[in-house]
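S.K.: please work out how this folds:
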Amino acid sequence: MMAFLNKKQQAPAPNLNTTPRAWVAKALVPFQNQLSQLTRPGETASLAVITDTHYKAGFSATLYGVNGLQHTKEFVADVASQPGVDAYAHLGDLIDGSEAPDMSRQHLQDIVAAMDQNLGKPFYIAKGNHDDNDKFDEHQVARRASFQQNTFADIVFRADYRQPQLQRFSQRHGVAWLDMGPVRFLFINTSDIPYRLNRFGIKQYDVKLNLAVREAQLAEIIQILQMSDDRAIIVCGHGNLLKANHQNGLHYNGPTVHELFRAFNLHAQGHIDNHAKNPDFQITLPFDFTHIRNARITAYVCGHRHIQQTFLDHDIRYLLLNCAAISGRGHQLTTGYNARWDRQYGQPSEYAGYTLVADPANRQLSVLGYGAATPLRQFAMWFPEA
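M.R.: The predicted structure follows:
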């Protein structure tokens, strides 16, 4: 017996050339208008953000595919390029990491090229837990590592660090920062996992299944924080340090990093010793924030969970942003949040993205969303006294 779809149910023809679509530009006009109303050049600090594009070959009307590259190009063309946006970021899971290594490397290069469009604005691209191609390795009989140790860094972090506007102490860990007036955006790497192979070429740690911040990276973060007078700091990474129930959001050292951020806000001095049983993730570091003047970490922004959520832990607001990739109903990996959107190719909920607007004059953080996201959320935000 044959089944027929009515016109409303028919999936649209796939767009495999990934050029920005006119209907998307038109659909984003209300978002652009609201952005222009909330931003004031030289007075506000704004960061456009996309996350979890999960780019892979092929077309799907309801799940990951070439739409990941499409969404990135449209994000840059129709959001990051807007006059009110000062900088823009991709917070990780650029690719799905489920394809042959040559193809996955090309996909990483494609996303970097889509982000690097000479807009005259700095950008940052974070490492996600899918970006080391471990999902592909998991499904091979031999399970050997398909990426080399520095595959992601050579393609993506190199693009980050060649920008003079993006400040950093080194080019080793994926840490960087941007200053816009009294606002500092601090970017960290929550996929900071040792690359170690056994004699069969199999990774000791599957990056997809492990998220962490290690000691060398944290030492650099402490160094940055110790020179952060007169700053309202918004930290951005791929994975959430904590969950809404205040338990560990990473596999290693989420609470440790969060408690360091709290110590910064308290202008405290001390020593981190996390007593980790696994030596790869042990942290033993001193810190001294007693001299810090007029500064605070106000928010932590991330993706990874494919939901939209906010919660407070003491004075730090967590903002979890929804995935850009299509995540429609009926798929095992689709969260309840995305199932409620009933996301489908060719509809405005197909994509999702955001712009954060920090407004010192009104002491407010606005989170503008488009597609499968809340259009506007606003929160009181601490700023340094003039």
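S.K.: tell me the mean pLDDT for the longest helix seen in the chain?
M.R.: Counting residues, the longest helix found in the chain (DSSP state H) is helix 101-115. Average pLDDT, helix 101-115: 98.
S.K.: before we move on, what about stretch 170-180?
M.R.: In this model, stretch 170-180 carries a mean pLDDT of 96.
S.K.: quick revisit: contacts made by the helix or strand following the longest helix of the chain with the rest, please.
M.R.: Following helix 101-115 in sequence order, the next helix or strand is strand 123-125 (DSSP states H and E). Contact partners of strand 123-125, identified using Cβ atoms under 8 Å, 6 or more residues apart in numbering, comprise 80, 87-90, 92, 94, 111-112, 115-116, 156-157, 159-160, 163, 166, 176, 178, 185, 187, 236. The C-beta positions use only the backbone N, C-alpha and C, and glycine is treated the same way.
S.K.: which strands border strand 123-125, and is each parallel or antiparallel?
M.R.: When pairing is defined by DSSP bridges, strand 123-125 lines up against strand 87-90 (parallel).
S.K.: quick one: buried residues of the partner strand?
M.R.: 87-90 (16 or more other Cβ atoms under 10 Å).
S.K.: which pair of those spans the longest distance?
M.R.: Greatest spacing in those, by Cβ to Cβ: A87 and H90 (11.7 Å).
S.K.: please, where are all the helices along the stretch 201-350 of the chain?
M.R.: 215-225, 254-265, 336-341 (DSSP state H, counting those that start in this stretch).
S.K.: returning to that earlier point: whichever of the contacts of strand 123-125 end up buried, select them in PyMOL.
M.R.: The buried residues among these can be selected in PyMOL (16+ other Cβ under 10 Å) with this line:
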select buried, resi 80+87+88+89+90+92+94+111+112+115+156+157+159+160+163+166+176+178+185+187+236
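S.K.: now S327: closest residue in space that isn't a chain neighbour?
M.R.: Among residues not flanking S327 along the chain, N338 sits closest, at 4.1 Å (Cβ to Cβ, 6 or more residues apart in numbering).
S.K.: residues touching the one you found, list them.
M.R.: N338 makes contact with 306-307, 322-323, 327-328, 372, according to Cβ under 8 Å, 6+ apart.
S.K.: can you go through these and name the buried ones?
M.R.: 306, 322-323, 327-328, 372.
S.K.: of these, which belong to strands?
M.R.: Judged by DSSP state E, strands contain none of the buried ones among the contacts of N338.
S.K.: ok, so of these, who is nearest K243?
M.R.: Closest to K243, out of all of these and judged by Cβ to Cβ, is H306, at 14.0 Å.
S.K.: helices of the stretch 1-150 of the chain, start to end?
M.R.: Counting by DSSP H, counting those that start in this stretch, the helices of the stretch 1-150 of the chain are 22-27, 29-38, 67-75, 101-115, 134-138.
S.K.: tell me the angle of the fourth one relative to helix 67-75?
M.R.: Using axes from the mean of the first three to the mean of the last three Cα atoms, to 10 degrees, the interaxial angle of helix 101-115 with respect to helix 67-75 works out to 10 degrees.
S.K.: relative to the whole chain's centre, how far out is helix 101-115?
M.R.: Averaged C-alpha coordinates place helix 101-115 at 17 Å from its chain's average position (Cα atoms, centre = their mean, to the nearest Å).
S.K.: buried residues, it. List them.
M.R.: So for helix 101-115, counting by 16+ other Cβ under 10 Å, buried means 101, 104-105, 107-108, 110-112, 114-115.
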